[in-house]
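K.L.:
Sequence first, then the predicted structure, then my questions.
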Amino acid sequence: MKLKSDKIYPESGVELNSFSAGNYDKVMNIASLGLYCGFIRKAIKAMNIQDGDKILDLGCGTGRNACVMAKYLNGDGKITGMDVSSIMEKQFRKKCTQHQNVEFIRQRIDQPFDISEKFDKIFISFVIHGFPHQVRQTVLENVSKHLKPGGAFFMLDFAEFNMNAMPSLFHFIFKNIECKYAFDFIERDWKRILTGYHFSGFEEFFFFKNYVRLLKAKKLNVNKENSVRIAVPTNDGINIFPKMLGMAKDMFIYEIENGAQFKLIEKRTNPYQSTMQHLKTLDVYETIRDCSIIISAHIGKKGIKRLEEKGMKLFFRKGNIQEVLTGVIKKLKNDRSQKEK
């Protein structure tokens, strides 16, 4: 367990010092005025755990949540808790000793890992908000990698809200207790972000005057061999947006099937249209990361490099979307034919 001075993320609140880790449950009980246990039970009940579920609990902490979830399982179900802290591991094993179907893995969740197992449900509670956003992306990649198609991801954390609109007392507590990364977390559209990791079917359960949310997301089956998704920036739904990719109002998502036919499957609003923040192209990428192709009139040189590093194929075109799509599909077919010769 790293001491505060050795933190990987100095401004984070999820890397605890030895005292906080050893007294975590007590701290949470006091901070919630004794409401935390009842709240966790309600949140876990909303997960609709089936008796044979295989569940991965990321950043599992002391095992209090795992013990509640284990009560819903039979002999076929299993819970795997994952945490980096040796102090948490000791508490976890002690708390869960009576549950034969609960195990612990010592592992960082903010770095890529592979435990060669797929789960029915993955749960993360008040952890992901404490990471820089680029690290959260790694956590979500780990989630997507280890969740079965059709499985459910549950993110129990702060909801999306305007901190400045909070009542004075709540504002004071949140601003002075929570870490810097939490301020960024509450401003992001998490359903839209998760869409980019092949999730849909969202459900929300709110607690503590809607400042806390259990967000459920279902993983799509994305293993369709003959399907390709294309993102097109547009303001009118007819023509490709003529300026920079990130300045477009909407992203139209088209799907190509069997390498020939295309159809519009979704319209996504670009939340970064008017922003000027650093690495804007990567922010926009979050909204379309389930696509493998982008058709755009303009992308900056640095943006092109970043998108290509993410595996995106780029086509630079202007004009009518339908006409351009027809031409792009024809080119893709020709390129494929040339490779097969």
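P.N.:
In hand now; what should we look at? Note that this is a predicted model, so its numbers are computed, not measured. Residues are numbered from 1 along each chain as shown.
K.L.:
quick one: low-confidence parts of the stretch 1-150 of the chain?
P.N.:
Within the stretch 1-150 of the chain, the stretches with pLDDT under 70 are 1-6, 13, 15-17, 19-22, 27, 30-32.
K.L.:
Do a quick rundown of the strands in it.
P.N.:
Ranges of strands in the stretch 1-150 of the chain, per DSSP state E, counting those that start in this stretch, are 54-58, 78-83, 102-106, 119-125, 147-158.
K.L.:
could you dump those to JSON lines with mean neighbour count and distance to Lys216?
P.N.:
For glycine as for every other residue, the C-beta is placed from the backbone atoms N, C-alpha and C. JSON lines is the format used below for the strands of the stretch 1-150 of the chain (neighbours: other CB atoms under 10 Å; distance: least, CB to CB, whole Å):
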{"stretch": "strand 54-58", "mean neighbour count": "24", "distance to Lys216": "13"}
{"stretch": "strand 78-83", "mean neighbour count": "24", "distance to Lys216": "18"}
{"stretch": "strand 102-106", "mean neighbour count": "17", "distance to Lys216": "22"}
{"stretch": "strand 119-125", "mean neighbour count": "23", "distance to Lys216": "9"}
{"stretch": "strand 147-158", "mean neighbour count": "20", "distance to Lys216": "6"}
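K.L.:
Nearest to Leu33, out of the ones you listed?
P.N.:
Evaluated with CB to CB, these place strand 147-158 nearest to Leu33, the distance being 17.6 Å.
K.L.:
would JSON lines of the strands of the stretch 1-150 of the chain with distance to Gly201 be doable?
P.N.:
JSON lines is the format used below for those (distance: least, CB to CB, whole Å):
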{"stretch": "strand 54-58", "distance to Gly201": "18"}
{"stretch": "strand 78-83", "distance to Gly201": "23"}
{"stretch": "strand 102-106", "distance to Gly201": "28"}
{"stretch": "strand 119-125", "distance to Gly201": "13"}
{"stretch": "strand 147-158", "distance to Gly201": "8"}
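K.L.:
Dump the C-alpha coordinates for the helix or strand encompassing Arg192 into PDB.
P.N.:
Assigning secondary structure by DSSP states H and E places Arg192 in helix 190-195. Extracted in PDB, the C-alpha atoms of helix 190-195 (Å, rounded to 0.1, in the frame of the first residue of the first chain):
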ATOM      1  CA  TRP A 190     -21.100   8.800 -18.700                       C
ATOM      2  CA  LYS A 191     -23.800   7.200 -20.800                       C
ATOM      3  CA  ARG A 192     -22.200   8.700 -23.900                       C
ATOM      4  CA  ILE A 193     -18.700   7.700 -22.800                       C
ATOM      5  CA  LEU A 194     -19.900   4.100 -22.100                       C
ATOM      6  CA  THR A 195     -21.600   4.000 -25.500                       C
END
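K.L.:
Looking at that helix now, give me its mean pLDDT.
P.N.:
Helix 190-195 carries an average pLDDT of 88.
K.L.:
That one: what's the following helix or strand?
P.N.:
strand 199-207.
K.L.:
What is the helix or strand following that following strand packed up against?
P.N.:
As assigned by DSSP H and E, the chain's next helix or strand after strand 199-207 is strand 212-219. Counting contacts by 3 or more CB pairs under 8 Å, 6 or more residues apart in numbering; DSSP states H and E, strand 212-219 packs against strand 147-158, helix 190-195, strand 199-207.
K.L.:
if you set the cut-off to 10 Å instead, what comes out?
P.N.:
With contacts taken as 3 or more CB pairs under 10 Å, 6 or more residues apart in numbering; DSSP states H and E, strand 212-219 sits against helix 36-45, strand 119-125, helix 133-146, strand 147-158, helix 190-195, strand 199-207.
K.L.:
The longest one versus strand 199-207: what angle between them?
P.N.:
Using axes from the mean of the first three to the mean of the last three CA atoms, to 10 degrees, the interaxial angle of helix 133-146 with respect to strand 199-207 works out to 120 degrees.
K.L.:
Next one: the residue nearest to Lys175 when sequence neighbours are not counted from Phe39, what distance?
P.N.:
Spatial nearest neighbour of Lys175, chain neighbours left out: Met163 (7.1 Å); criterion: CB to CB, 6 or more residues apart in numbering. From Met163 across to Phe39, the span is 21 Å (CB to CB, to the nearest Å).
K.L.:
Show me the one of the helices and strands packed on strand 212-219 that comes nearest Gly311.
P.N.:
Per CB to CB, nearest to Gly311 of the helices and strands packed on strand 212-219: helix 133-146, 12.7 Å.
K.L.:
Point out where the stretch 151-300 of the chain drops to low pLDDT.
P.N.:
222-226, 258-260, 277-278.
K.L.:
In it, mark out all the strands, start to finish.
P.N.:
Ranges of strands in the stretch 151-300 of the chain, per DSSP E, counting those that start in this stretch, are 199-207, 212-219, 227-234, 250-257, 261-269, 293-296.
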